[in-house]
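Undergrad: Quick one: sequence plus predicted model below, questions after.
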Amino acid sequence: MKAAVLHGYGEELVIEEIDVPRPRGEEVLIRVRGAGVCHSDLHLMDGEFGDELPATFPLVLGHEVSGVVEEAGEAASLHVSPGDEVLVYSFYCMGEDRYSVKGLHQICGLRTPAGVVMFNGGFAEYMLVPSYRYLVRVNGIGDLESAAILADAGLTAYRAVKKAAKYLDPDEPILIVGLGGTGLFGLAAARLLLPNPVVAVDINPRKVEQAAEIVEIREGIDHLIDGSSTDPRREVLTLLDGSSPKAVIDFVGLEKTIEDYLPLVAPEGVYVLVGLGSRYGPRIPSHHMIINEVTLTTVLYGSLPDLHELASLGLKGLIPYWRMTEKVGLEEINEAFRRLREGRAMKRQIVVP
Ligand SMILES: [Zn+2]
C-alpha cells in the first residue's frame, strides 16, 4: 500500500510502498477514507514533542482518521464488521490507569497516540488500529472523508466548548480566538451547544468571511471580528456594550493571543488554552487573574466518551463538518503541510488516500 512516511525530524514525508498489516486479536484493519492535516503534525515533524512523546521512525503520521473496516482480528469480529464506517480515537493507551478507565485516554500515563509515537497513523491507504475499542461507528454518516475532522480538530473544539460552558450562565458572552480549522469548528460547536452570545475573531479577513458563510450568526447577538483592520480587543468590548467575555477559548495559543485576550476575561471566568502555538510561557497577567478569580485551563484532544457524543451529533447533521474541510490527495501531502505552516489553508485539509 501507499503511505506517507516520516523518516526523521525536520524531514519531508516520503510517499512509499509498505506492507499492508494483518489484524490479530483485538486489532482492526481499516481502509482509510480521510486523514486530517493537523498543526500538531508540524510540531511533531519539527521535533517539538521529542521529550514527552518521542517518535520511532519510520512512522506514518495522521491522527485524525475516518475509514471503513476492512478486516477484524478474531477477538474484534464480535464488535465490528467489514464495511462498518468508523472514526478512529487516536489516543491509544497501553494499559489501564485511573484516567483511561474514565475514558480519558488522552491524559493516561501510557498514552501512545496513533501517528505520533510508534503506531502508524492514517496518511496511508490502510491503517491497523490496535483495538476495536478505539473505533466509533458512524454508519451512514454521508461524507465519511470529511468526517475525519470529527476525530481530532472537531473533538478538541467540542471538548473546549464543553469545558468553557461550565463557567457560563446562559446570557454571558463567550469569545473564540482564531478561526482556522479547529476554531471554526469551535464556533459551530458553541452555536450548537450554548444559548450564549458568541464573538469570534481572526486576523485573516478571509477566514472571518468564511466563518460567516458556514456558521449561523444571529444578528445583534453574535459577532465576527476582522482583527486585521481594527483593534480587536476594543471591538470585543464595544460589541458587548462594555461587558467582558466570561469565557475565552484560544485556538491559537501564541504569546500574543494569551497576552491580548487573557486580561479580557470577566470575574470568575475561564481562559481555555487549546492552540500549541507557544512552547514556553507568555507573561501571564496574574494580577488580573487573581483579583478576578479567573481560571486558566487547557484542552488536549478529547475523551473517548466525547468522541461518541460528537459522532452522534455528526450523524444527525447538527454540525456542518462537511463544509469545514477541503480534500487533498496523498501525493499533495507535503504541499498541504506547507499551506498549513504558512497560514494559507483556509479549511481543514483532509488527505484522501
Ligand atoms: Zn491534531
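TA: Nice, I can see it.
Undergrad: Does stretch 269-287 reach the ion?
TA: No - using C-beta under 5 Å from the ion, stretch 269-287 stays clear of the ion, coming no nearer than 9.2 Å. Every residue, glycine included, has its C-beta placed from N, CA and C.
Undergrad: quick one: that stretch to chain centroid distance?
TA: 18 Å (C-alpha atoms, centre = their mean, to the nearest Å).
Undergrad: any idea how the protein splits into domains?
TA: 2-152+301-352, 157-298 (automatic domain parsing).
Undergrad: Any chance of a markdown table for these, columns mean pLDDT and mean neighbour count?
TA: A markdown table is the format used below for the domains of the chain (pLDDT from 0 to 100; neighbours: other C-beta atoms under 10 Å):
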| stretch | mean pLDDT | mean neighbour count |
| --- | --- | --- |
| domain 2-152+301-352 | 96 | 19 |
| domain 157-298 | 94 | 19 |
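Undergrad: List the contacts of residue 309.
TA: residue 158 (C-beta atoms under 8 Å, 6 or more residues apart in numbering).
Undergrad: quick one: secondary structure of it?
TA: helix (DSSP: H, G, I helix; E, B strand; the rest coil).
Undergrad: do you know how far it is from residue 106?
TA: According to C-beta to C-beta, to the nearest Å, residue 309 stands 15 Å off from residue 106.
Undergrad: Repeat that for residue 286.
TA: From residue 286 to residue 106 the distance is 28 Å (C-beta to C-beta).
Undergrad: contacting residues for residue 332?
TA: residue 351.
Undergrad: what about it, which SS state?
TA: Per three-state DSSP, residue 332 ends up helix.
Undergrad: next one: residue 195
TA: coil.
Undergrad: For it, which non-adjacent residue is spatially closest?
TA: Take residue 195 and drop its neighbours on the chain: the residue closest to it by C-beta to C-beta, 6 or more residues apart in numbering is residue 170, 4.8 Å away.
Undergrad: Please give the element, helix or strand, for that neighbour.
TA: Under the criterion DSSP states H and E, no helix or strand holds residue 170.
Undergrad: what about whichever residue of the stretch 51-200 of the chain sits closest to the ion, distance to residue 300?
TA: Nearest residue of the stretch 51-200 of the chain to the ion: residue 152, at 4.2 Å (C-beta to the ion). Note on residue 152: its distance to residue 300, by C-beta to C-beta, is 11 Å.
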